[in-house]
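[1] can you look at this prediction? I've put the sequence above it.
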Amino acid sequence: MSTDFDKGRVYFADMMKMGGSASPASIEARAEAAKLKFRRFLEHFTNMEGEFVYREQLRKNAQMRRYFLPVEIEHLIGYDETLAMALQSNPVENIEAFEAAAKEIAAAAAQDDAPVYVQIEIRSQSMEPMGLRTLEVGFVLYFTLQASKIGKLVRIAGIIVTASAPMARPISLTIACKVCLVMRTITTGIASLNGTQALPRTCPTGSACGLDPWVVFPERSSCVDQQSLKLQELPESVPVGELPRHILVIADREHVGKTAPGKRVLITGIYCTSGAPKGGGVALRFPFVKVVGMEPIQGGGDSHSVPSPLWTTDVEAEARRMVAFSRTPNIYEHISRSIAPSLFGHEEIKKSIACLLFGGTRKSLPDRMRIRGDINVLILGDPGTAKSQLLKVVERIAPIAIYTSGKGSSAAGLTATVVRDTQHQGSGEFYLEGGAMVLADGGIVCIDEFDKMREEDRVAIHEAMEQQTISIAKAGITTILNARTSVLAAANPAFGRYDETRAPGEVTWHKMLQVAPHEIRFDFQALHLYCLLPAFVDVIFYP
């Protein structure tokens, strides 16, 4: 009697593919038909210049032995909207058929060295929130990730806060019976979601071998890389009064190692569920996103970044306006007056904030030494002089900015911390989780009440302010993270208010007399006093 295991495949329960009463034969026929459609798209699609984009790209990649193909979803919509709708409604089955079609084309081009797989990456030319309105695969906020979107394509923007070490996931296993020594090869499937597959319980040669007689030969098996990422929603998209949410992201193959903690990415993936974490109920499901496309978001320190999905302006028109604005006379004063216009005065402080927002030029010397171009600014003033308001304004107008208060900030919260994995698969592995200085890479960190911070916490950001790196050596993890940020800090003088009878060093820091290391790392230090000058009196009493 023939069984499914005699075909050399491992069958497992995949909730994304269970089609109710559909038989395995009908599922295979539907997958074969989808593969033919995707192959026609890859072979016959042409752009405006009449070039066969994907066919030529597959041929070039096969010659370089790079089995990876990015596909613009708009091209598929224009070629066959019904096929694109099928990709959205059942992405797991159709992406597997898509990759099978690409593998056949790449194998014909490679000839001598057939590829094991070809990974398809779904991309979009439109970065607007509803850029894929036709497919209803628009930009999704975290609080809209509900059960109705399970098994659908979603696009999420966020910050990578944790990245695990790459792991090996098998796609082809060579197993042998430890009793009769018969060997066979089984295919686990490249599009499996959780990477855990079940081996056959019995040997087909007879019952004498007993249950579970199989032994895996890793050296004869084929594996791909897989990585777990923890994605946190963007600070500007968090609803008022709520905490930022996180979600687990599973990346594999070409997407492994392409990002690091602190990077802002736009992920196109399949919203899936797996078994409940340890201690959870049997009926509970753990949500995660299986990556099928990953693109960096502008502002993360990369020159090849794409525009943010939250920006809906015309980029070309905005660039023309910026070029015209650059020819404005006295542009420096014009920009400084545009910062917090509701706050009267503060001209010099606003000019320093303008320099901080634009930044300087980062230089790399021939001896590999880097000179930072980001500017650090300290605003030292009496209470009630709008220091916190200026920090809030910078947080709102900067593309990447994180606001924190000195009393509620710790060294680990500002730099990075080592945490143990206790969710999902519960491996207990140590991960790095980036703090404010890492998450704001390429942006600005606003630290209010800087003088209220503890000395040991303030010392932790010395390296980030000068070298723009954060060195970690904890729990067996030794690495260096980028912290290319500008620091805008606000502090009160010693004893609460500025005292002109004391020396300048005594009024700089609360509860400390001379703290030269902090002052050296601030390029601009503004001293703002609370006093009623005639100009202020005229504005307040005689508007």
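    Looks like it arrived, so ask away.

[2] ok, residues contacting stretch 346-360?
    Contact partners of stretch 346-360, identified using CB atoms under 8 Å, 6 or more residues apart in numbering, comprise 332-333, 335-337, 339-340, 372-377, 379, 386, 390, 394, 397-398, 444, 486, 488, 524, 526, 528. For every residue, glycine as well, the C-beta is placed using N, CA and C.

[3] can you list the domains in the protein?
    4-168+225-296, 315-541 (automatic domain parsing).

[4] the strands in the stretch 251-400 of the chain, which residues?
    Shown for the stretch 251-400 of the chain, the strands assigned by DSSP state E, counting those that start in this stretch span residues 264-275, 285-296, 363-364, 370-371, 377-381.

[5] for the first one, C-alpha coordinates in CSV please.
    What follows is strand 264-275, C-alpha atoms only, in CSV (Å, rounded to 0.1, in the frame of the first residue of the first chain):
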residue,chain,number,x,y,z
ARG,A,264,14.4,51.3,10.1
VAL,A,265,12.9,48.9,7.5
LEU,A,266,9.7,48.4,5.5
ILE,A,267,8.8,44.8,5.5
THR,A,268,6.4,43.0,3.1
GLY,A,269,5.5,39.6,4.6
ILE,A,270,2.9,37.0,5.4
TYR,A,271,1.1,37.5,8.7
CYS,A,272,1.2,34.0,10.2
THR,A,273,0.8,32.1,13.5
SER,A,274,2.6,29.3,15.1
GLY,A,275,2.4,27.2,18.3
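
[6] what about it, distance to the chain center?
    When C-alpha coordinates are averaged (CA atoms, centre = their mean, to the nearest Å), strand 264-275 and its chain have centres 11 Å apart.

[7] kindly report the same for the fourth one.
    Shown here is strand 370-371, whose average C-alpha point lies 26 Å from the average C-alpha point of the whole chain (CA atoms, centre = their mean).

[8] who does that strand touch, helix- and strand-wise?
    Under the contact definition 3 or more CB pairs under 8 Å, 6 or more residues apart in numbering; DSSP states H and E, strand 370-371 sits against strand 363-364.

[9] the contacts of stretch 346-360, buried ones only, as a PyMOL selection?
    In PyMOL, this line selects whichever of the contacts of stretch 346-360 come out buried by 16 or more other CB atoms under 10 Å:
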select buried, resi 335+336+339+340+372+374+375+376+377+379+386+390+394+398+444+486+488+524+526+528
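
[10] quick check, Val161 in contact with Pro244.
    No - using CB atoms under 8 Å, Val161 makes no contact with Pro244, being 9.4 Å away.

[11] neighbour count: those two, which is higher?
    Just comparing Val161 and Pro244: by other CB atoms under 10 Å the higher neighbour count belongs to Val161, 23 against 15.

[12] hang on, the more buried one in a strand?
    Yes - counting by DSSP: H, G, I helix; E, B strand; the rest coil, Val161 falls inside a strand.

[13] which residues touch it?
    Val161 makes contact with 230-232, 246, 261-262, 433-434, 439, according to CB under 8 Å, 6+ apart.

[14] now, of those, which are buried?
    230-232, 246, 261-262, 433-434, 439.
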